[in-house]
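> Pasted the sequence and its predicted model underneath.
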Amino acid sequence: MDLKEYMLFEAKEATQKMIDEIAGYTENNEHFEARIQLAGMMGDTELENIYKSLKILHDKYHSNYAIKVRGEIEKDLYKKIM
């Protein structure tokens with residue numbers, strides 16, 4: 001199950017507009033931006049800032065390391081969503 005499917009399944013307090021916004025980022029292959037927005041909607045400034053930093057690393061340096069780290073912190077994101 002990818003992040004979009006998971007969000008749609010687990011969205012209990014998110015509005016349809018929020019879900020559509022996140023889905024749009026995912027559909028446009030903007031996975032870091034989707035997670036930045038999600039963390040912001042959840043009020044998790046620390047996680048939001050981590051994703052922003054990873055996005056910069058990925059965008060500026062085309063770093064696969066940023067994608068690897070993103071995968072590692074997905075666990076924290078999913079725990080907070082539930």
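Yep, it's here.

> Please count neighbours and contacts with C-alpha atoms only from this point.
OK.

> tell me which helix or strand of the chain sits lowest on mean pLDDT?
helix 3-10 (a mean of 55; mean pLDDT, DSSP states H and E).

> Just the buried residues of the helix or strand just after that helix, please?
The helix or strand immediately downstream of helix 3-10 is helix 16-27, counting by DSSP states H and E. Judged by neighbour count using 16 or more other CA atoms under 10 Å, the buried positions of helix 16-27 are 22, 23, 25, 26.

> so which two of the residues you listed are the farthest from each other?
22 and 26 (6.4 Å; CA to CA).

> Rebuild the buried residues of helix 16-27 as TSV, extending it with pLDDT and distance to residue 68.
Shown next, in TSV, are these (pLDDT from 0 to 100; distance: CA to CA, whole Å):
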residue	pLDDT	distance to residue 68
22	88	21
23	89	21
25	92	19
26	89	17
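
> Quick check: of those residues, which lies closest to residue 35?
Nearest to residue 35 among those, with distances taken as CA to CA, is residue 22, at 7.9 Å.
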